[in-house]
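In: please find the sequence and the predicted model below.
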Amino acid sequence: MSDRPHSKHPDGEPWQWPEATWRGIVGRGRAGRSLRPKSWPDGARCAVAISFDADHETIPLRDGDESPMRISQGQYGARSATPRIRRLLERESVPATFFYPAVSALLHPDEVRAIATDGHEIGIHSWIHEANTTLPGNAERELTLRAAEVLTKLAGRPPVGMRTASWDFSVSTLSIIREMKLLYDSSLMADDEPYELTDGGEPTGIVELPPEWIRDDAVYYNMVRFSALRPYTPPSGVEEIFRAEFDGAWEEGGLFLLTMHPHVTGHRSRLPVLERLIKHAKAKGQGKDKCWFATHAQVAQWCKDNAAG
Ligand SMILES: [Zn+2]
């Protein structure tokens, strides 16, 4: 990431790199063929995939921050927000994907079990929300395998998809995903529509479901007391952006993928944004104009099996 110091490259400064070096760097986790499907299930016009990254207390823990206040903000995600979110999803009969850091899942095992029982998907989201690009590759591998084991035990079935914490997909991540034979990743941003990840030019069979910071609640709502970071977009502004992203997906017959966090979006002033968005998507149309609401795993499998190309 640009705000982190880079260790010196063996080929020198970027302006000194030979062509093979810069081509090799951009070839890691590169977007290959589009997996945009010929059509969506039952002739739906577009797909809507809603996800929650259930980070809860792991953000301060990841930073070694023992502040009870900041940890309580994480606990809010489990205690107040997630029950409210589950009620909304049940009322609207909308499936979602919940990505859990293993430590968050271990702190809230009943929540993970309940969400899995509700029929939602449980996906991998690191061990303790660690930043992969700061870790040695073998540590990232060991933590990811251990996280998958925890989620398998709690959810009762092995996870098939992963979202790296903070979308911090490292140069080691793709080989870990391939070793685990996961169906999909949801961290990289080369397209609006699903695509196949390639590794040094080689197709991997791994589906990428691209997120974007634009479609992430935390970008607009986060604040840090001891910095200048404040929420600078009101819920109505966030709603306007999310709705425009959805409308664009509907117009193009594509995928609308939204990332939210219980501790960020589960508040009384903010969750209604999601409720109105779901109602807006449902009101768009019936029959061939309807939206297909699905988990990330369902979207990935459908795209893998029905890619137009
Ligand atoms: Zn996260």
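Out: Structure's in. What do you need?
In: burial of the closest residue to the ion within the stretch 101-250 of the chain, as a residue count?
Out: Relative to the ion, the nearest point of the stretch 101-250 of the chain is A165 (4.9 Å; CB to the ion). Quick note: C-beta positions are derived from backbone N, CA and C, even for glycine. The number of residues packed around A165, counting by other CB atoms under 10 Å, is 25.
In: so it versus T259, what's the distance?
Out: Relative to T259, A165 is positioned 12 Å away (CB to CB, to the nearest Å).
In: overlap of the contact sets of these two?
Out: Each of D53 lies in contact with both A165 and T259 under the rule CB atoms under 8 Å, 6 or more residues apart in numbering.
In: enumerate the residues of the protein near the ion.
Out: 53, 55, 165 (CB under 5 Å from the ion).
In: with adjacent residues omitted, what lies nearest to the last one?
Out: Counting by CB to CB, 6 or more residues apart in numbering, A165 lies nearest to S126, which is 3.8 Å off, once chain neighbours are set aside.
In: if we can go back for a sec, the residue of the stretch 101-250 of the chain closest to the ion reaches N132, doesn't it?
Out: Yes. In terms of CB atoms under 8 Å, A165 counts as a neighbour of N132; the distance is 7.3 Å.
In: now do the contacts for the closest residue to the ion within the stretch 201-309 of the chain.
Out: When CB to the ion is the measure, the stretch 201-309 of the chain has its nearest residue to the ion at H261, with 6.6 Å between them. Under the criterion of CB under 8 Å, 6+ apart, the neighbours of H261 are 52-55, 77, 217-218.
In: give the ChimeraX command for selecting the buried subset of those.
Out: The buried subset of the contacts of H261, as determined by 16 or more other CB atoms under 10 Å, is captured in ChimeraX by this line:
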select :52,53,54,55,77,217,218
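In: turn the contacts of H261 into TSV, including secondary structure.
Out: As requested, those are arranged in TSV below (DSSP: H, G, I helix; E, B strand; the rest coil):
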residue	secondary structure
F52	strand
D53	strand
A54	coil
D55	coil
G77	helix
D217	helix
A218	helix
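In: any idea how far K290 is from V48?
Out: Note on K290: its distance to V48, by CB to CB, is 10 Å.
In: joint contacts of A165 and N132?
Out: Joint contacts of A165 and N132 (CB under 8 Å, 6+ apart) are S126.
In: give me the low-pLDDT residue ranges for the chain?
Out: Scanning the chain for pLDDT under 70 picks out the ranges 1-6.
In: try it again at 90.
Out: Across the chain, the ranges flagged by pLDDT under 90 are 1-8, 224-225, 285-289, 308-309.
In: please enumerate the strands of it.
Out: Read by DSSP state E, the chain holds these strands, from start to end of the chain: 28-34, 46-53, 97-100, 121-124, 161-162, 184-185, 195-199, 202-208, 255-260, 291-293.
In: can I get these in JSON lines with distance to E140?
Out: Output for those, formatted as JSON lines (distance: least, CB to CB, whole Å):
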{"stretch": "strand 28-34", "distance to E140": "14"}
{"stretch": "strand 46-53", "distance to E140": "18"}
{"stretch": "strand 97-100", "distance to E140": "16"}
{"stretch": "strand 121-124", "distance to E140": "12"}
{"stretch": "strand 161-162", "distance to E140": "12"}
{"stretch": "strand 184-185", "distance to E140": "14"}
{"stretch": "strand 195-199", "distance to E140": "16"}
{"stretch": "strand 202-208", "distance to E140": "16"}
{"stretch": "strand 255-260", "distance to E140": "21"}
{"stretch": "strand 291-293", "distance to E140": "32"}
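In: if you compare those strands, which one is most tucked away?
Out: Among the strands of the chain, ranked by average contacts under mean count of other CB atoms under 10 Å, first place goes to strand 97-100 (a mean of 28).
In: pretty sure E275 sits against E92.
Out: Yes. Under the criterion of CB under 8 Å, E275 is in contact with E92, at a separation of 7.4 Å.
In: of these two, who's got more company?
Out: Set E275 next to E92 and count neighbours by other CB under 10 Å: E92 wins out with 15 against 12.
In: excluding chain neighbours, what is closest to the more buried one?
Out: On the basis of CB to CB, 6+ apart, the spatially nearest residue to E92 that is not a chain neighbour turns out to be I278, at 5.0 Å.
In: next one: the nearest residue to E57 once chain neighbours are set aside from the ion, what distance?
Out: Using CB to CB, 6+ apart and skipping the chain neighbours, the partner closest in space to E57 is G74 (3.5 Å). Relative to the ion, G74 is positioned 11 Å away (CB to the ion, to the nearest Å).
In: neighbours around T58, how many?
Out: The number of residues packed around T58, counting by other CB under 10 Å, is 27.
In: show me the contact partners of stretch 69-85.
Out: Against stretch 69-85 from outside (CB under 8 Å, 6+ apart): 52, 54-61, 65, 104, 107-108, 111, 115, 261-267, 271.
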